[in-house]
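Engineer: build me a model from this:
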Amino acid sequence: MFEGKPATCLVNPRAARETELVYRPTAQPRRVAVVGAGPAGLSCATVAAERGHRVTLYEQAPEIGGQFNLAKRIPGKEEFHETLRYFRRRLELLGVDVRLGTPAAADALASAHDAVVVATGIRPRRPALAGIDHPKVLSYVDVLRGAPVGRRVAIVGAGGIGFDVAEFLTHDGEHGASVDVEAFAGEWGIDLTLQQPGGLASTHGQATSSRREIWLLQRKPGRPGATLGKTTGWIHRTQLKRRGVQMIGGVGYERVDDEGFHVTIDGRARVLPVDHVVICAGQEPLRELAEPLRSQGVETHLIGGADVAAELDAKRAIDQGARVAAAL
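Structural biologist: All right, here's what the predicted structure looks like:
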């Protein structure tokens, strides 16, 4: 609505594009390997199988999902559990040969398949930061997988992932207001009895504190969170502000040591006395498999984070996977 673009659906790329993106039955079934069972790989594998190709889906992890398995842990993103349930059922109904816990090697893929789709995703970027190997430093992947995190935390990177990690670390309880209607109403000042004008409770929202002290930092000057969604960014900024998260732009990162995180803010050197520093400084494509396949003359496609890892975007990944599958 804000950008004058057609409506879209995360899971179904054909929504509002039914005449543009068509899944026609293939006249020549092919042996297709999809490597990586994240959003892009799941989309590609199911659409290719729906069209009649013989699809094998390789995933080195013990479960499908890729980055969705991290995202579903963020309070407010529990619906990704249902997205993965949907794809599991689709794989089953379409007869996709799913091989979990199975790394894929280029030679084996080349000899057994007519085309290979590389959907191997991303690796977190490690910035050039003195002390990056200090025990205080964690990746966002470590945190979302359950690594212990102390009470005082600095988050490096205030993009979508940085805000998600801040939400994760400041949320008390299993999910709290993200799934509890009464807790949500209390947090946002909603009068469920509708006795107050406009349904607004007299408290106008409860200030919610966090047991953690968190600094959400970005190198770029300006307000953190500027790249968040137009319709939801204000919500994330408001929630974190209420929980006491300090969001600071224009930060110079110096080093991490036993004393804490040494930074420069407004030209002044500071030491943040943190227990941990969580790195959310972007991603790099994980695509080493592509070149060995292409050197053997194998038809190879890159999709999802393996293609573009600049900013994780599940909608783009699912759409791209479906379009590649529609063209196989």
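
Engineer: avg pLDDT for the helix or strand encompassing E167?
Structural biologist: Using DSSP states H and E, the secondary-structure element containing E167 is helix 160-170. Helix 160-170 shows an average pLDDT of 94 in the prediction.

Engineer: residues touching that helix, excluding its own?
Structural biologist: Outside helix 160-170, the residues that touch it by C-beta atoms under 8 Å, 6 or more residues apart in numbering are 71, 73-77, 140, 143-144, 149, 153, 155-156, 210, 212, 214, 216, 218, 224-225, 227-228, 236, 239-240, 243, 245, 278, 280, 311-312. Backbone N, C-alpha and C define where each C-beta goes, glycine included.

Engineer: same for the next helix or strand after that helix, what does it pack against?
Structural biologist: Scanning forward in sequence from helix 160-170, with DSSP H and E defining helices and strands, the next element found is helix 181-188. With contacts taken as 3 or more C-beta pairs under 8 Å, 6 or more residues apart in numbering; DSSP states H and E, helix 181-188 sits against no other helix or strand.

Engineer: please compute how far the helix holding E167 lies from its chain's middle.
Structural biologist: For helix 160-170, the distance from its own C-alpha centre to the chain's C-alpha centre is 11 Å (C-alpha atoms, centre = their mean, to the nearest Å).

Engineer: give me the contacts around the longest helix along the chain.
Structural biologist: Ranked by residue count under DSSP state H, the longest helix found in the chain is helix 79-94. Helix 79-94 has contacts (C-beta under 8 Å, 6+ apart) with 10-11, 42, 45-46, 49-50, 55, 57, 64-65, 68-69, 71-72, 98.

Engineer: buried residues of that helix, list them for me.
Structural biologist: For helix 79-94, a neighbour-count test (16 or more other C-beta atoms under 10 Å) marks 80, 83-84, 87-88, 90-91, 94 as buried.

Engineer: got those residues as TSV, with distance to L200 and pLDDT columns?
Structural biologist: As requested, the buried residues of helix 79-94 are exported to TSV (distance: C-beta to C-beta, whole Å; pLDDT from 0 to 100):
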residue	distance to L200	pLDDT
F80	31	92
T83	33	95
L84	37	96
F87	40	98
R88	42	97
R90	43	98
L91	46	98
L94	48	98
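
Engineer: export these to a markdown table and tack on distance to D257?
Structural biologist: Below are these laid out as a markdown table (distance: C-beta to C-beta, whole Å):
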| residue | distance to D257 |
| --- | --- |
| F80 | 37 |
| T83 | 41 |
| L84 | 40 |
| F87 | 44 |
| R88 | 45 |
| R90 | 49 |
| L91 | 48 |
| L94 | 53 |
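
Engineer: follow-up on the earlier one: next SSE after the longest helix of the chain?
Structural biologist: For helix 79-94, the succeeding helix or strand toward the C-terminus, using DSSP H and E, is strand 97-100.

Engineer: given that following strand, what are its sheet partners and their directions?
Structural biologist: Here strand 97-100 is paired, per DSSP bridges, with strand 54-59 (parallel).

Engineer: for the strand it pairs with, the averaged confidence score.
Structural biologist: Averaged over strand 54-59, pLDDT sits at 98.

Engineer: can you give me the neighbour number for A322?
Structural biologist: Residues near A322, counting by other C-beta atoms under 10 Å, number 23.

Engineer: doesn't it belong to a helix?
Structural biologist: Yes: inclusion of A322 in a helix is indicated when DSSP: H, G, I helix; E, B strand; the rest coil is applied.

Engineer: related to what we said a few turns ago, now the buried members of the contacts of helix 160-170.
Structural biologist: Among the contacts of helix 160-170, the ones that count as buried by 16+ other C-beta under 10 Å are 71, 73-77, 140, 143-144, 149, 153, 155-156, 210, 212, 214, 216, 218, 224-225, 228, 236, 239-240, 243, 245, 278, 280, 312.

Engineer: any stretches of this structure with poor pLDDT?
Structural biologist: 172-177, 203-208, 311 (pLDDT under 70).

Engineer: kindly recompute the last result at 80.
Structural biologist: Low-confidence regions of the chain, defined here as pLDDT under 80, cover residues 1, 172-179, 187, 202-209, 310-312.

Engineer: thanks a lot, catch you later.
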